[in-house]
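Colleague: pasted the sequence and its predicted model underneath.
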Amino acid sequence: MIIEKLKKEFDHLVVFDFEFRQDIRNKGEKPDPICAVYKDIITGKTFKAYGLSLKVIPFDPKKSLFICYNAVAEASCLKVLGCKIPEYWWDCFVENKKLYQGRVSDAKGSWAMLTAANRYGIETMTEDRKKWEIEQILTNPEHPIESILEYCEKDVIATEKLFIEQLKDIERHFDNKGPLEIIQHGLFHGRSMAAMAEIECNGMPIDNKLYDEINNNFPLIKEKIINDFNAKYPVYENGKFSMKKFKEFIDSLGLLQQWPRTPSGALSITEKNIYNYAQSYPAINEFYFVKEFVESQKLKGFVVGPDGRARTSLNMFGIKTGRTNQSTALYPFNAAKPMRNILCPAPNHAYIYADYVSQEIAIAAYLSKDEKLINAYKEGDVYIYTAKLAGAVPADATKKTHKKERNEYKIATLATFYGQGHKSLAARLMISEAKAIELIANIKNIYSTYFGWVNGLVSRTFARGYISTKYGWKLWITNVDKINPRTLSNFPIQAHGSEMLRFAILNLIKNKIEISASIHDGLLIHCPLAKLQQTEAKVVKCMEDASKTVLNGNVCNVEYEVIKSNFKQEQEEQDKFERILSMIRTVRSDRTVCSTN
């Protein structure tokens with residue numbers, strides 16, 4: 001049994017819970033711990049802590065397994081208290097998702113602790129009572145500490161029972177796996193959640209002066225952007241988007257017949273569709289820029305804490321593939337790209353923005369053992385290499401000499417790997433459907449080993465009822481959650497990419513490197529200038545070592561950029577940002593003239 005194996009591996013199995021005050025969503029705060037309760041399953045001993053005693057972990061962090069529900073909260077509290085983050089974690093939240101993702105509704109509250117406990121018939125306080133207790137903790141400074149500790153202890157007791165029942169559930173579902181493998185996977189994912197707490201607490205240093213400047217002028221900037229665009233293309237009426245005017249705008253560009261439609265027949269205005277056309281039509285690119293701002297009620301992407309650093313919840317394991325799921329409105333790397341210029345390292349520090357090079361292609365190549373795809377990745381430019389194999393460009397073609405063909409094969413290769421159909425590819429490349437079918441067929445023929453491998457995975461998924469990474473992150477296939485086969489084809493690539501980044505994060509934290517943000521397949525590192533060179537080398541090594549772990553000893557290359565001042569974008573996005581600053585200066589100038597008059 002897993003529980004018996006854990007008792008042999010650790011001196012203590014410690015279920016614990018913190019109560020704290022925090023508003024990370026609206027104020028970017030770190031937690032303010034109030035109290036904690038620890039209970040050792042092995043000895044039955046319980047410790048209650050508050051005040052100065054909070055700074056002491058009552059069990060040896062090197063010999064104990066720390067068990068909780070959503071480790072980010074508990075690890076954040078330990079971090080702000082100055083405690084060393086324990087090495088061994090078991091997160092019942094993550095294990096709950098591994099057991100039931102796809103088997104139960106993904107509606108709000110589906111992954112709450114009370115829901116998980118009720119699944120096993122564990123008696124807990126009602127949801128209304130829990131909400132009342134939390135409200136008292138957050139808003140009532142006079143609420144007695146004894147009452148808070150009592151509430152905290154009830155959560156610990158419920159988590160202990162949940163932990164025991166989860167282990168039994170895991171054994172029922174995976175009797176073909178040994179306890180050691182299950183424990184290793186659980187410890188990896190639990191420690192990864194604790195690592196997210198460290199990143200959130202670090203936060204992202206920003207240019208606070210620039211942030212205030214843009215934020216304070218945001219309504220006026222938005223109004224000016226609308227007016228400037230409407231002078232050329234009147235798409236807005238009284239500051240609001242008009243579908244009728246938009247249709248006239250698209251018609252004026254000669255795109256009305258080919259523009260994608262919704263099921264009701266209306267023009268589609270999804271970000272994806274607009275972005276695709278923006279690449280070829282300057283007027284639509286201009287509209288894309290305007291739309292980003294008009295739809296914002298305030299400056300998106302930044303929640304600045306009392307320490308002047310931007311932070312928000314990273315929500316590791318927030319989506320089916322296990323990747324992070326940060327809010328667009330609250331996270332700089334999910335918001336409009338020009339606004340990333342607000343990011344700025346602290347004085348005498350630098351950012352290192354490091355990411356994996358074509359991570360998804362590398363994973364597809366090495367896990368499927370497709371020699372042509374491996375060679376394409378090693379060649380350094382997958383897309384021109386693919387075009388060469390397809391006979392679309394000569395053998396000596398390069399990115400510079402055949403830019404158009406490379407771009408076509410880049411879009412087509414990624415679309416084919418993601419399982420997109422010929423119609424969407426034709427619309428995106430603005431080519432005939434026959435040409436799109438030919439492109440997809442060429443790519444599938446070239447990389448037939450990969451497509452055979454991934455199709456086999458999908459078939460086995462339907463046979464056994466779930467798909468999984470090598471490290472136990474799962475998605476179940478049931479009637480509860482309708483699954484598109486395309487989702488299953490993408491899962492092994494995306495999910496292993498997520499696992500790779502988790503290994504990289506743990507490697508970096510072990511090397512005492514400060515991580516400020518997680519960005520899909522990359523990381524934002526913050527380091528002193530005095531240690532820049534050695535940090536660069538450590539970052540690359542840690543990330544490459546993580547890729548070797550996932551890719552059976554093979555390397556996914558890492559590239560990085562050093563940023564010593566404000567974040568910079570590619571020229572197109574940088575131009576947008578400069579335009580915003582120009583508008584602020586114009587607004588300020590107009591204000592000065594008006595006040596003088």
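Modeller: That came through, no problem.
Colleague: and the residue lying closest to residue 23 once chain neighbours are set aside, what is it in contact with?
Modeller: Counting by C-beta to C-beta, 6 or more residues apart in numbering, residue 23 lies nearest to residue 29, which is 5.2 Å off, once chain neighbours are set aside. Bear in mind the C-beta positions are built from the backbone N, C-alpha and C, glycine included. Counting by C-beta atoms under 8 Å, 6 or more residues apart in numbering, residue 29 touches 22, 23, 305, 306.
Colleague: whichever of the residues you listed end up buried, select them in PyMOL.
Modeller: To isolate the buried subset of these in PyMOL, counting by 16 or more other C-beta atoms under 10 Å, use the following:
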select buried, resi 22+305
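Colleague: nearest to residue 441 among the contacts of residue 29?
Modeller: Of all these, residue 305 has the smallest distance to residue 441: 52.4 Å, by C-beta to C-beta.
Colleague: who's in contact with the closest residue to the closest one other than its chain neighbours?
Modeller: Spatial nearest neighbour of residue 305, excluding adjacent residues (C-beta to C-beta, 6+ apart): residue 28 at 3.3 Å. Residues near residue 28 by C-beta under 8 Å, 6+ apart: 203, 303, 304, 305, 306, 309, 310, 311, 312.
Colleague: residues in contact with the fifth one?
Modeller: Right, residue 306. Contact analysis of residue 306 by C-beta under 8 Å, 6+ apart lists 27, 28, 29.
Colleague: how close does the second one get to residue 22?
Modeller: Separation of residue 28 from residue 22 (C-beta to C-beta, to the nearest Å): 10 Å.
Colleague: helix, strand, or coil at the residue nearest to residue 23?
Modeller: coil (DSSP: H, G, I helix; E, B strand; the rest coil).
Colleague: again, but for residue 205
Modeller: strand.
Colleague: that one reaches residue 526, doesn't it?
Modeller: Yes: using C-beta atoms under 8 Å, residue 205 is in contact with residue 526, at 6.4 Å.
Colleague: need the residues touching each of those two.
Modeller: By C-beta under 8 Å, 6+ apart, the residues touching both residue 205 and residue 526 are 345, 346, 349, 516.
Colleague: separation between the nearest residue to residue 503 once chain neighbours are set aside and residue 315?
Modeller: If the residues on either side of it in the chain are set aside, residue 503 comes closest to residue 546, at 3.6 Å by C-beta to C-beta, 6+ apart. According to C-beta to C-beta, residue 546 stands 21 Å off from residue 315.
Colleague: who has more neighbours out of these two?
Modeller: residue 546 (23 against 15; other C-beta atoms under 10 Å).
Colleague: CA-only coordinates of stretch 282-297 in CSV, if you can.
Modeller: Extracted C-alpha coordinates of stretch 282-297, given in CSV (Å, rounded to 0.1, in the frame of the first residue of the first chain):
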residue,chain,number,x,y,z
PRO,A,282,-2.0,47.1,-42.5
ALA,A,283,-5.5,48.5,-42.0
ILE,A,284,-6.5,45.3,-40.1
ASN,A,285,-3.3,45.4,-38.1
GLU,A,286,-4.2,49.0,-37.1
PHE,A,287,-7.7,47.8,-36.1
TYR,A,288,-6.0,44.9,-34.1
PHE,A,289,-4.0,47.5,-32.1
VAL,A,290,-7.1,49.6,-31.5
LYS,A,291,-9.3,46.7,-30.4
GLU,A,292,-6.8,45.6,-27.7
PHE,A,293,-7.2,49.0,-26.0
VAL,A,294,-10.9,49.7,-26.6
GLU,A,295,-11.9,46.4,-25.0
SER,A,296,-9.9,47.2,-21.9
GLN,A,297,-11.6,49.0,-19.0
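Colleague: buried ones in that stretch?
Modeller: 283-294, 296.
Colleague: would you list those in TSV and tack on distance to residue 407, secondary structure and pLDDT?
Modeller: TSV is the format used below for the buried residues of stretch 282-297 (distance: C-beta to C-beta, whole Å; DSSP: H, G, I helix; E, B strand; the rest coil; pLDDT from 0 to 100):
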residue	distance to residue 407	secondary structure	pLDDT
283	20	helix	90
284	17	helix	90
285	16	helix	85
286	21	helix	87
287	22	helix	91
288	18	helix	85
289	21	helix	81
290	25	helix	86
291	24	helix	85
292	23	helix	75
293	28	helix	75
294	29	helix	77
296	30	coil	68
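Colleague: now those as JSON lines including distance to residue 236?
Modeller: Listed next are these as JSON lines, based on distance: C-beta to C-beta, whole Å:
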{"residue": "283", "distance to residue 236": "14"}
{"residue": "284", "distance to residue 236": "15"}
{"residue": "285", "distance to residue 236": "17"}
{"residue": "286", "distance to residue 236": "13"}
{"residue": "287", "distance to residue 236": "10"}
{"residue": "288", "distance to residue 236": "14"}
{"residue": "289", "distance to residue 236": "13"}
{"residue": "290", "distance to residue 236": "8"}
{"residue": "291", "distance to residue 236": "10"}
{"residue": "292", "distance to residue 236": "14"}
{"residue": "293", "distance to residue 236": "12"}
{"residue": "294", "distance to residue 236": "7"}
{"residue": "296", "distance to residue 236": "14"}
